[in-house]
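Colleague: Would you be able to build a 3D model of this:
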Amino acid sequence: MVKPILIAEDFEPDAKLLELALKHAGVTNPLFFVPDGHQAVCYLKGEGIYRDRKAFPLPGVLMLDLKMPVAGGFEVLEWCHTQPYLEDLMIVVLSGYHELREVNRAYQLGAKTFLAKPMSEGDILEMIRTYPGPWQISKPGSSRSSAS
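Modeller: Now for the predicted structure:
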């Protein structure tokens, strides 16, 4: 069973660019979007509007912006770190942060990798090569236009 990707990103243009980069890289996992850290935790818990696990299945990947309203990415990382049922969740931190302290803190809290925004299709492809497990990839070239 292919697990979806949960994208927690409050800035819609960044979410759309990430969606496009994943598509161009050939990733065909279902994508779910939440606008803040609180909604990300609700989704992962299966609470509220995310209660129906058939409609909102547990993701295999969480792509998590660090700077979000309501609850930030570090709060989500801290919560995920305490949930045994999420130990196989691949967490990819997305941020404009470039300080080593922030990167190290994200890794200490369970992030598998860190992508600086704005990320490119090449960044996504490198991540897929490095961490091949959770991605469903279409056949080479099938999702790319001839203009790429």
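Colleague: drop to CA atoms for contacts and neighbour counts, all remaining ones
Modeller: OK.
Colleague: Mind naming the longest helix for the chain?
Modeller: As assigned by DSSP state H, the longest helix anywhere in the chain is helix 12-24.
Colleague: Show me where the chain has its helices.
Modeller: Using DSSP H, helices in the chain cover 12-24, 37-45, 73-81, 100-108, 121-130.
Colleague: Is it possible to get the ones you listed out as JSON lines so that each row also shows mean neighbour count?
Modeller: Below are the helices of the chain laid out as JSON lines (neighbours: other Cα atoms under 10 Å):
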{"stretch": "helix 12-24", "mean neighbour count": "17"}
{"stretch": "helix 37-45", "mean neighbour count": "21"}
{"stretch": "helix 73-81", "mean neighbour count": "19"}
{"stretch": "helix 100-108", "mean neighbour count": "14"}
{"stretch": "helix 121-130", "mean neighbour count": "15"}
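Colleague: mind listing what Val34 touches?
Modeller: Going by Cα atoms under 8 Å, 6 or more residues apart in numbering, Val34 touches Leu6, Ile7, Ala8, Glu9, Asp10, Ala40.
Colleague: Tell me how many other residues surround the fourth one.
Modeller: Per other Cα atoms under 10 Å, the neighbour tally for Glu9 reads 28.
Colleague: I'd guessed it sits against Pro69; true?
Modeller: No: counting by Cα atoms under 8 Å, Glu9 does not reach Pro69; the two are 9.6 Å apart.
Colleague: Overlap of the contact sets of these two?
Modeller: Contacts common to Glu9 and Pro69, judged by Cα under 8 Å, 6+ apart, are Asp36.
Colleague: so what does the helix or strand bottoming out on mean pLDDT in the chain touch, helix or strand wise?
Modeller: Least confident helix or strand of the chain, by mean pLDDT, DSSP states H and E, is helix 100-108 with a mean of 83. Applying 3 or more Cα pairs under 8 Å, 6 or more residues apart in numbering; DSSP states H and E, one finds that helix 100-108 contacts strand 113-116.
Colleague: Which secondary structure elements does the strand it packs on sit against?
Modeller: Against strand 113-116 (3+ Cα pairs under 8 Å, 6+ apart) you get strand 90-95, helix 100-108.
Colleague: so which of those gets nearest Asp52?
Modeller: strand 90-95 (21.7 Å; Cα to Cα).
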